[in-house]
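Q: Turn this into a structure:
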Amino acid sequence: MPWYNDLKYQEKIISAKTRKRRNSMLTDTFLRNVKPADRPKKYGDSGGLFIYVSVTGSRLWRMAYRFDGKSKLLSFGEYPTVSLKEARERRDEAKKLLARDIDPGQHKKELRAARIAEEANNFKAIALEWYETQTTQNTPAHRRRLIYNFKKYIFPALGKKPISTIEAQDLLALVLRPLISSIFKRPRAYRYMSTETV
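A: Residues are numbered from 1 along each chain as shown. Got it, this is the predicted structure:
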């Protein structure tokens, strides 16, 4: 019997291959200790995920995949910020999108565009646009007072909220808060005096 048909020899080769494949997955220890070389290097994990080590030493997570017959690349961030576990989770999410026939790169761009559009429609952006366009006929002192009140009272509470999510109780709480605090800040004698005169 030839040596390549020997069952024990075949088992030995297969176990060596699986051991090599198992050991080829990245570990946190390896990622912490990887040094930059004189040219960029890639170290693969599994499922298309790899870490790209640049000449400067930055370690960037990337995933290679194919969509509609084209090779594409998806980035997940830098290594210490995005851990190995997070990178693998993001790879799995991208694989799920690919299974539903959705391009993960395009999906990421659409999410980013939606987030930018939502930030552009927040209360602060719209209020500042209103301030610039609708208060030009007001006196400079009035405009200063308006922007001061916006910055001091309204923007901290509602500035980052999307305009479509602001409800009446948000505005009511904003209006009532200064009134209530001003009542309790008055000296006691003044409060009694103001109630007796009325």
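Q: how deep is the closest residue to Leu84 other than its chain neighbours tucked in, by neighbour count?
A: Nearest residue to Leu84, sequence neighbours excluded (Cβ to Cβ, 6 or more residues apart in numbering): Asp28, at 5.6 Å. For the C-beta atoms, the positions are set from N, CA and C on the backbone; glycine is no exception. A count of nearby residues for Asp28, using other Cβ atoms under 10 Å, gives 11.
Q: Against Lys85, how distant is Asp28?
A: For Asp28, the distance to Lys85 (Cβ to Cβ, to the nearest Å) stands at 9 Å.
Q: mind checking pLDDT for the residue nearest the centre of the chain?
A: Here the mean C-alpha position of the chain is nearest to the C-alpha of Arg112 (Cα atoms, centre = their mean), at a distance of 9.1 Å. With respect to pLDDT, Arg112 scores 89.
Q: next one: the helix or strand in which it is found to chain centre, how far?
A: Secondary structure here is read from DSSP states H and E; on that basis Arg112 sits in helix 104-120. Between the centre of helix 104-120 and the centre of its host chain there is 11 Å, according to Cα atoms, centre = their mean, to the nearest Å.
Q: Likewise for stretch 110-130?
A: 16 Å.
Q: Pull out the buried positions in that stretch.
A: 122-124, 127 (16 or more other Cβ atoms under 10 Å).
Q: same thing with stretch 40-53?
A: Going by neighbour count (16+ other Cβ under 10 Å), the buried part of stretch 40-53 is 45, 48-53.
Q: Identify the residues contacting stretch 112-119?
A: Stretch 112-119 is contacted by residues 125, 162 when judged by Cβ atoms under 8 Å, 6 or more residues apart in numbering.
Q: what's the first-to-last distance across stretch 38-46?
A: One end of stretch 38-46 to the other measures 25 Å (Cα to Cα, to the nearest Å).
Q: Return the mean pLDDT over that stretch, rounded to an integer.
A: Taken as a whole, stretch 38-46 has a mean pLDDT of 88.
Q: Mind listing residues that contact it?
A: Stretch 38-46 has contacts (Cβ under 8 Å, 6+ apart) with 24-26, 30, 34, 50-55, 62, 84, 87-88, 91.
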